[in-house]
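Engineer: The sequence and its predicted three-dimensional model are supplied below.
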Amino acid sequence: MAALLVQGCVAAAIPVVAGGLVGRTKLQDRNAKRELKRDRAAARLAEAKGLPRPAAMADAGTVPGSMQYLYGSGEAAALDVQAYTALGDYLVGLPADRSIGHDVPSVVIARGSPLEAPRFVPCGDKPLAIVFDIDETAILNLGYEADAARRGETFDAARWADWERTGAGHVAVVPGLLEVIKMARAEHIAVVFNSNRSVAHAAETAAMLDGVGLGPVVHGDTLWLQGDAGGTDSGKDARRWAIAAKYCVVAMSGDQLGDFSDLFNTPAMTPAVRRAAVGGRMLSLMWGHGWFMLPNPIYGTGLKGDFDTVFPPSTHWTPTPIPAAKEK
């Protein structure tokens, strides 16, 4: 009798369990479809801050693999620390060299100079300075990028402007930078920022940098933004030359080649030409010796090229067919 009761209880429970499974399955299906929809939308992320984004997301929920790497991985943090440790090492001794009369080299390419044989703005006796890009070089825009990934939308200029105005409490300093800035200022080397953030939000950007320990900065002296120095586009050379007119710029750091020279972004600079240029006879000497590059797989001028541009036809490979197993 007890067995029958138990069997009856189990039998009675089967519809309930089955119903629960069906309900959960439907819910999982809806969630999967919703996530797929978000993933597809996020894979269409086209531009950020006026620059191209990668076309596809990693298969990892709604967070693109490039964002997982830059904002979440120890590998990206290690590259940041490596770059800024090298920058700190490079700065050591420069003030002492100058104090005993040695020439200190500028790293700002002079107006009219070609990349193939660069000439640099002379330093004279101008005070020493280092110049940093801001976004993804000095700070990580965690709040903005999380919102972009969650929405799965293309770049929105109004949302970015709102971020510049209100996002100060949702950023993080790039690993390794604070130590370099403290050391530079202790050696009386000015810290200057050259960013494509809007001049209309100069006060908010200055407050953000100060709030995370990278300030203080003074707009027009140690903070330069898009719209300063007569510029209206994202090119930075006009601002660089304005900075170099006052300072001997001994180091620059950025996450785009345009953070070092606008010459990298001319129409003639195809992906292959740009890639070759950074390893040229003269420019290869700059990396780690005045120019310091940080990783950014999220957006930027480096995210270009069709299949045959990225993978030249001469490199295409076809696997050898695996012979079919012989029947016994």
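Structural biologist: Alright, I've got the coordinates. If you're wondering where the values come from, they're calculated on a predicted model, not measured in any experiment.
Engineer: Pairing partners for the biggest strand by length in the chain, with directions?
Structural biologist: In the chain, with assignment by DSSP state E, the single longest strand is strand 190-198. Sheet pairing of strand 190-198 (DSSP bridges) gives strand 128-132 (parallel), strand 223-229 (parallel).
Engineer: what does that strand rub up against?
Structural biologist: 49-50, 127-135, 138, 161, 164, 181, 184-185, 205, 209, 214, 217, 221-227, 234, 236, 239-240, 243, 247, 249, 259 (C-beta atoms under 8 Å, 6 or more residues apart in numbering). Quick note: C-beta positions are derived from backbone N, CA and C, even for glycine.
Engineer: What subset of the residues you listed is buried?
Structural biologist: For the contacts of strand 190-198, a burial check counting by 16 or more other C-beta atoms under 10 Å picks out 49, 128-135, 138, 164, 181, 184, 205, 209, 214, 217, 222-227, 236, 239-240, 243, 247, 249, 259.
Engineer: Can you tell me the closest non-neighbouring residue to P216?
Structural biologist: Spatial nearest neighbour of P216, excluding adjacent residues (C-beta to C-beta, 6 or more residues apart in numbering): D210 at 5.4 Å.
Engineer: Now the helix or strand that neighbour falls within: buried residues?
Structural biologist: For D210, the element it lies in under DSSP states H and E is helix 202-211. Neighbour counts using 16+ other C-beta under 10 Å place 202, 204-206, 208-209 of helix 202-211 among the buried residues.
Engineer: can you check stretch 300-309 too?
Structural biologist: Neighbour counts over stretch 300-309 (16+ other C-beta under 10 Å) mark 300-303 as buried.
Engineer: Give me the pLDDT value at L178.
Structural biologist: pLDDT for L178: 98.
Engineer: Would you agree it is in contact with L209?
Structural biologist: No. The pair L178 and L209 does not pass the contact test of C-beta atoms under 8 Å, sitting 11.7 Å apart.
Engineer: Redo the strands paired with strand 190-198 as a markdown table? Include mean pLDDT.
Structural biologist: Below are the strands paired with strand 190-198 laid out as a markdown table (pLDDT from 0 to 100):
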| stretch | mean pLDDT |
| --- | --- |
| strand 128-132 | 98 |
| strand 223-229 | 97 |
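Engineer: Distance to D103 added to those strands, as CSV?
Structural biologist: Shown next, in CSV, are the strands paired with strand 190-198 (distance: least, C-beta to C-beta, whole Å):
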stretch, distance to D103
strand 128-132, 12
strand 223-229, 26
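Engineer: where's the closest residue to M183 other than its chain neighbours relative to I181, distance?
Structural biologist: Leaving aside its chain neighbours, M183 sits nearest to G88 (5.6 Å; criterion: C-beta to C-beta, 6+ apart). From G88 across to I181, the span is 10 Å (C-beta to C-beta, to the nearest Å).
Engineer: Could you give the secondary structure assignment for Q82?
Structural biologist: helix (DSSP: H, G, I helix; E, B strand; the rest coil).
Engineer: which residues touch the spatially closest residue to it that is not a sequence neighbour?
Structural biologist: Using C-beta to C-beta, 6+ apart and skipping the chain neighbours, the partner closest in space to Q82 is G176 (7.8 Å). Taking C-beta under 8 Å, 6+ apart, we find G176 in contact with 80-85.
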